[in-house]
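Q: Sequence first, predicted coordinates after that:
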Amino acid sequence: MLKVFIVEDEIIVREGIRDNINWEYTDFTFCGEAPDGESALPLIQELKPDILITDIRMPFMDGLQLSRIAKKNMPWIKIIILSGHDEFEFAKEAISIGVNEYILKPISPQNLLKSLNKVAGQISEEKKLKEDVENLKMQLISDEIFLREKFLLGLSLGQISASQAIEQSKRYHINLISKYFMVMLIEVESNELLKVEALVTEVISYNSGILHFKRSTTEIILILKGEQEEELKENGYLTAQLIQYRVEKGSESSLSIYLGRVQERIQGIVQSLQDSYAVKNQTFGLNSHKIIGFDDLSMIPINRETLSTLAKMPLDDFLQYGGKAGINAYLEEYLKSISESAVSSKLFITYMVMDVLITAAKFINGLGGDAHKIIPEIKDIDVIIAQYTSVEELSELLNRVLNQTFDYKESKKQSKYVDILDKAKSYIHSHYSDPDISLISTSNHVHLSSNHFSTIFSQETGETFIEYLTKTRIKKAMELLKTTNQKSREIAYAVGYNDPHYFSYMFKKATGTTPKEYRG
């Protein structure tokens, strides 16, 4: 129903319009009246009618002045002018204001209804046009979002060259220029993808250096940019924590977040995405609802469910990130597809043995060791190749070589990293109350790059830097809750959290209870 408001100084005319039309049988509602423009204005602003019927000649404020003000404040309003004078100048000014109908007195109910229906038709057409325009805008936005996500997917899969990517990115208002890139894979463990995506967008909206898109109904991909390698890596872990916190607080969903390695150049996005999927595959069935980076793989125990992925891991990566516990599983997959006929080929055996020995030797030499002393088999390659004629025998040789390599790796770590880790842990325990303590500040303290320090810390302690810092903070918070009368908010600040709500979330996540429940 369209609301109609009447302004007329002649009470007989005003009442005639009001009372001689059966409004309930029309598409209109009579919502109010006034004797002049000045008294009408506040009522019009309050009632917001769709159609204004006004006389031209009135005291205090005439119809044209009222129409001009009403149109300025409410551009949508339709105006029907009533006049006792067939004057060209009046009509001309009314048209310039945007008046829709101009009716000469005396006025019959039939003529007025005819004009009202004509104006109603204009309103209907404008409404439909507006809806069409809005639908078109929404369609264009939807198409642009689809094309943008398609572009980012193609970029992350290596289907677009760097030069093409930079050129096409302008179309979607994306700035791809950066020195380093890092990919984050977010796996949503619920059917609330759209809600989770909205929460993720809320978290990353402050950072124009983060791009995101949906890859499937359960996966959201983030591409992070930065000019400093260590800073970007730390920003990745921090962003992952904030996303997990916001999503778990704002929905019923749980997330598993996987981080690829920091890579240089646009082409590195492809490798970082592959890294994130490698983390996901190699931790299948383990550490659900956690944040895991590629550099954390070395502390993840390998089990039978990850064998299919291990076969795809290059041997040098396995030596770098794996451990003795995974040797049998790795070799089982490494040799799985080899047939007896292949083993009978001297060329094939030579290749297999040389590949393992040379890769292991390079790894040992890179650690500062003498490969000839650590792996005596290197001296007698020809003899070894002549001796091994079955898969079982070949497996025994490779197993022995890998065990020797990992033994040396462990001995180097134990002697080299004890002092570094002790110094780092001491720094953490002295500075956990500082909200600005970070992987970068700690790695600077022990004189290592943050990337190298992060890898060492994870391998040696079995937990990431962030996990160790959080554990230290929560342990101190537990102590303060039991031994002091400080408020939870004060304890949050005392252990390095600027946000008491985030502190409560982390405390409950670590202990299973809120600070208030723990204090009892």
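A: The structure has been received and is ready for your questions. Small disclaimer: the values here were computed from a predicted structure and weren't measured.
Q: Number of residues surrounding residue 146?
A: 11 (other C-beta atoms under 10 Å). From N, CA and C alone the C-beta is placed, and that goes for glycine too.
Q: does it count as helix, strand or coil?
A: helix (DSSP: H, G, I helix; E, B strand; the rest coil).
Q: Could you measure from it over to residue 376?
A: In this view, residue 146 and residue 376 are 61 Å apart by C-beta to C-beta, to the nearest Å.
Q: can you give me the strands in the stretch 201-350 of the chain?
A: All strands of the stretch 201-350 of the chain, identified by DSSP state E, counting those that start in this stretch, fall at 210-214, 219-226, 255-259, 263-264, 291-293.
Q: Residue 80 should be in a strand, yeah?
A: Yes - checked against three-state DSSP, residue 80 lies within a strand.
Q: Go ahead and confirm it touches residue 100.
A: Yes - using C-beta atoms under 8 Å, residue 80 is in contact with residue 100, at 6.4 Å.
Q: Which strands or helices does the helix or strand harbouring residue 395 pack on?
A: Element membership for residue 395, per DSSP states H and E: helix 391-431. Packing contacts for helix 391-431, counted by 3 or more C-beta pairs under 8 Å, 6 or more residues apart in numbering; DSSP states H and E, involve helix 315-321, helix 327-334, helix 340-343, helix 346-366, helix 371-374, helix 439-445, helix 450-461, helix 465-483.
Q: what's the least confident stretch among those?
A: For these, mean pLDDT drops lowest on helix 340-343, to a mean of 48.
Q: outside of stretch 40-54, which residues touch it?
A: Outside stretch 40-54, the residues within contact range by C-beta atoms under 8 Å, 6 or more residues apart in numbering are 2-8, 17, 28, 31-32, 34, 37, 61, 63, 66-67, 69-70, 73-74, 76-82, 112, 116, 119-120, 123.
Q: and the residues you listed, which are buried?
A: 2-8, 17, 28, 31-32, 34, 37, 61, 63, 66-67, 69-70, 77-82, 112, 116, 119-120, 123 (16 or more other C-beta atoms under 10 Å).
Q: all helices of the stretch 1-150 of the chain, in order?
A: 11-19, 37-47, 63-73, 88-97, 109-156 (DSSP state H, counting those that start in this stretch).
Q: Which one, of those, ends up nearest to residue 266?
A: helix 109-156 (7.5 Å; C-beta to C-beta).
Q: any idea how far residue 168 is from residue 174?
A: From residue 174 to residue 168 the distance is 9 Å (C-beta to C-beta).
Q: Also residue 513?
A: 51 Å.
Q: So for those two, which residue has more residues nearby?
A: Per other C-beta under 10 Å, whichever of residue 513 and residue 168 has more neighbours is residue 168, with 16 against 13.
Q: The more buried one is in contact with residue 159, isn't it?
A: No - using C-beta under 8 Å, residue 168 makes no contact with residue 159, being 11.3 Å away.
Q: Can you tell me how far residue 41 is from residue 67?
A: From residue 41 to residue 67 the distance is 11 Å (C-beta to C-beta).
Q: In the stretch 151-300 of the chain, what residue spans correspond to helices?
A: Under DSSP H, counting those that start in this stretch, the stretch 151-300 of the chain gives helices at 162-169, 193-204, 229-250, 268-282.
Q: so which of these is the most packed in?
A: Ranked by mean neighbour count under mean count of other C-beta atoms under 10 Å, those are led by helix 268-282, which reaches a mean of 21.
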